[in-house]
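[1] What follows is a predicted protein model with its sequence.
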Amino acid sequence: MADRGASGALSVPDDWPAHPEPILALNRMGSFDWDLDTGLMQMDAQAHDVFDMRPDEYDDRPESLSRRVPPGEARRLDTVVTQALKDGSENYGAYFRIRRRDGSLRWTHTQGYIRRDETGRPRRIIGIIRDATRELGEIDARREQADRDEARREQTSVVELTTAALAHARTVQDVIDVLKDTHGLTHLGATSLVMGLVEAGRIRMVAEGPEAAFVPGTRVTRIDEPYPMSEAVRTLAPCFIESPEEFAERYPILWPHITDLNITSAAYLPLIVQARPIGAMGLLYSDRRGFTPEERNILVALGSSIAQSLQRAMFYEQEMDLAQGLQQAMLPRTIPSVPGADVAVRYRAATIGGSAGRDIGGDWYDLIPLPGGRVGAVIGDVQGHDTHAAAVMGQLRIVLRAYAAEGHPPATVMARASVFLHELDTDRSATCLYAEADLSTGVLQVVRAGHIDPLVRLTDGSCRRVAVPGGLPLGLSAEFGRLDYPVGTVELDPGDTLLLCTDGLVEQPGADLDDGMRTLTALVATGPEDVRDLADRLIDVADERGGEDDVALLLLRRRGPEGPHAGRRLQRQVAPGDPAALSEARRMIRTAVAAWGAGDRADEIELVADELMTNALMHTEGSAVLTLRVLTGSDRRLRVEVEDSSSALPRRREAGDSGVSGRGLLLVEMLTDVWGVEARGGGKAVWCEFVVPDHD
């Protein structure tokens, strides 16, 4: 070393680098000479030994020491040196740790002497470096033990937190998200996570580590292939890889594809449930080599917890697939086209607890073609969110469709459906709304069983809620003997749109149902005119909002008239023993026929209608319902219907020369262009049509 002068300051040697005195080597001290102008720092052979570096691993640049000096230690040492350079100090000293080639940490001490020029600018540092393990051995041991205890506590805490979070995971993706979360496995030091599930003797990758890190050909691999994940599944034992060299040697096919990730070690854990592998998980590290016994035990325990969560998630998804398949089978596969209307239907499954997984329920829709150009529209919701709700929904939809197709009036359809649900001996009830629409006239008969009201959007874009009188939900009305459902009437003008939906589209947590209906009304009013686009918009809003209830939606838009008289309709009920009502019905016929431009056939129409009404009152019990309407198509026709409560069909009889009865059906056949009979539930409707010229 340089001699100390009388002033006590070190003289600057003329040669560079400085050469230490032999005594330094005898005391196992290394020396260095750091030229601050060029940044080069030369070290002697003893200094190389202290840092456990070969001469060819050091290129005279301090940055080369980063492989031996951990980042935290390097920052602390840089702080000491920088402070000494700034405050004019002549020397500094510091203890720090280095990581030797075998991965162990060892205490080291350095002392540097700062040489400055005449202006005080630091130009050079000459110093020594020595092994301080023995000196600080006890302190280091206590510190390392404390660090290990703290690391164990942190790892145990991560395991507990991760296990607690996994308890709420419902799907496989939920499990993956928990593990990738910043509060998950990354606290154990892992750089990235890979995971695969065993399916039909192969491993399908479900989590692929960092973005853009996918290895070609590993999306699906065989269990016998030479990959670490396959080995873990095949042997049912964890696979620990403690260095890049070991990784490259054991898995030469995989290693070239992941060298850019700077992986220094990895742990591949089999995911085992009931002695059967369901998958494997890999944790990749870029800042460590090797695993202590405690770390291995913790990772194996964590793998067991993850396996249990994955199995629950897989069972849940299998159940959901089955349930959703059941529900889709219960819903109509196709919706029939309806002459005179545009129809759109949508279904959205519930999202429970914010999960990405979907739950099923008992919401349904249906569209039922009916005789006479009519159509039945149904919306309903069975209580509950499970396969039982879906099964009940399917049965209820089928019987409701059957009752409507038989020709029962809307109130009877609803009452019989309620009795059916009650007799199923289930604890479920259901809300429902059934609307029977005559699109030629735009008249809808609506029955509501505990369901929310329909909406109607008018041609001017405005939307209103239609208050419909209602009864108890299906099942409950039969249980309490209240099967009388009131029937409301709604009229759709050409271009108007009817909206039926379940409460999942309306209800929001913490909000009143009426507020939800007002929000929906405003949304429909500002939505697209096309019913399909409007349906998509409403479902998108429901998706954005989320929610824990299903959404079923049916939109029906009545098309514009195809002729100037489309949509004209009159109806009158005639009770038995009420001659005034019969007379009023005849007057209504004459007035309507004249107003509709069919005066040329007025006498024929009035005579046939009177004959049909008289027969219904004489040969059946109860009232007769007369309906008169105009139909358009290839020609313009006037249709007369008389409905009664008897299922007995009319038959032609021979009246004889002096008979006063038996000629009714002969008159109908002679005077009309076509006639027939339709079943209407427990009764029937006799109808006939007259072709009338269009004089307008």
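    Arrived safely, thanks for sending.

[2] quick one: least confident helix or strand in the protein?
    Within the chain, confidence by mean pLDDT, DSSP states H and E is lowest for strand 358-359 among all helices and strands, at a mean of 53.

[3] Let me see the contact set for residue 272.
    Residues near residue 272 by C-beta atoms under 8 Å, 6 or more residues apart in numbering: 236, 278, 303-304, 307. C-beta coordinates here come from the backbone N, C-alpha and C atoms, glycine included.

[4] Show me which of these are buried.
    If you count burial by 16 or more other C-beta atoms under 10 Å, the buried members of these come out as 278, 303, 307.

[5] Please look at the last one and residue 275 and confirm they touch.
    No: look at residue 307 against residue 275 with C-beta atoms under 8 Å: they stay out of range, at 11.2 Å.

[6] mind listing what's buried in stretch 521-529?
    Neighbour counts using 16+ other C-beta under 10 Å place 521, 523-524, 527 of stretch 521-529 among the buried residues.

[7] With respect to residue 62, which of these is nearest?
    Checking the buried residues of stretch 521-529 against residue 62 with C-beta to C-beta, the nearest one is residue 523 at 66.2 Å.

[8] The closest one sits in which helix or strand?
    Take DSSP states H and E as the rule and residue 523 turns out to sit in helix 513-525.

[9] Which residue ranges of the stretch 551-696 of the chain form strands?
    When assigned using DSSP state E, counting those that start in this stretch, the strands of the stretch 551-696 of the chain occupy the ranges 551-558, 569-574, 624-631, 637-644, 674-680, 683-691.

[10] Tell me which of the ones you listed is the most buried.
    strand 551-558 (a mean of 25; mean count of other C-beta atoms under 10 Å).

[11] Note down every partner strand of it and its orientation.
    Pairing partners of strand 551-558, with direction, according to DSSP bridges: strand 341-348 (antiparallel), strand 497-501 (antiparallel).

[12] Which of those has the highest mean neighbour count?
    With neighbours defined by mean count of other C-beta under 10 Å, none of the strands paired with strand 551-558 is more surrounded on average than strand 497-501, at a mean of 25.

[13] taking the mean pLDDT, what do you get for that one?
    Strand 497-501 carries an average pLDDT of 95.

[14] Then stretch 542-557?
    If you average the per-residue pLDDT over stretch 542-557, you get 85.

[15] Span of that stretch from start to end?
    Length of stretch 542-557, first residue to last, C-alpha to C-alpha, to the nearest Å: 21 Å.

[16] contacting residues around the helix holding residue 523?
    With C-beta under 8 Å, 6+ apart as the contact definition, helix 513-525 has outside contacts at 452-453, 455, 457, 461-465, 499, 501, 503, 505-508, 534, 537-538, 541.

[17] Quick one: mark the members of these that sit in helices.
    For the contacts of helix 513-525, the ones inside helices are 534, 537-538, 541, with DSSP state H as the criterion.

[18] Out of these, the closest to residue 433 would be?
    Using C-beta to C-beta, residue 538 is the member of these that lies nearest residue 433, at 16.7 Å.

[19] quick revisit: looking at the buried residues of stretch 521-529, which two lie furthest apart in space?
    Greatest spatial distance among the buried residues of stretch 521-529 (C-beta to C-beta): 521 and 527, at 10.6 Å.

[20] relative orientation of the helix holding residue 523 and strand 497-501 in degrees?
    For the pair helix 513-525 and strand 497-501, the angle between their directions (axes from the mean of the first three to the mean of the last three C-alpha atoms, to 10 degrees) equals 140 degrees.

[21] which helices and strands sit right next to the top helix by length along the chain?
    The longest helix of the chain (DSSP H) is helix 293-330. With contacts defined as 3 or more C-beta pairs under 8 Å, 6 or more residues apart in numbering; DSSP states H and E, helix 293-330 has these neighbours: helix 137-166, helix 172-180, strand 265-273, strand 276-285, strand 358-359, helix 387-405.

[22] how does it look with 7 Å?
    Applying 3 or more C-beta pairs under 7 Å, 6 or more residues apart in numbering; DSSP states H and E, we find helix 293-330 packed against helix 137-166, helix 172-180, strand 265-273, strand 276-285, helix 387-405.

[23] Buried residues, the last one. List them.
    Of the residues in helix 387-405, those scored as buried under the neighbour-count criterion (16+ other C-beta under 10 Å) are 387-394, 396-397, 399-401, 403-404.

[24] Tell me which two of those residues sit farthest apart.
    In those, two members sit farther apart than any others by C-beta to C-beta. They are 387 and 404, at 26.0 Å.

[25] Strands of the stretch 51-200 of the chain, start to end?
    When assigned using DSSP E, counting those that start in this stretch, the strands of the stretch 51-200 of the chain occupy the ranges 91-99, 105-116, 122-131, 192-199.
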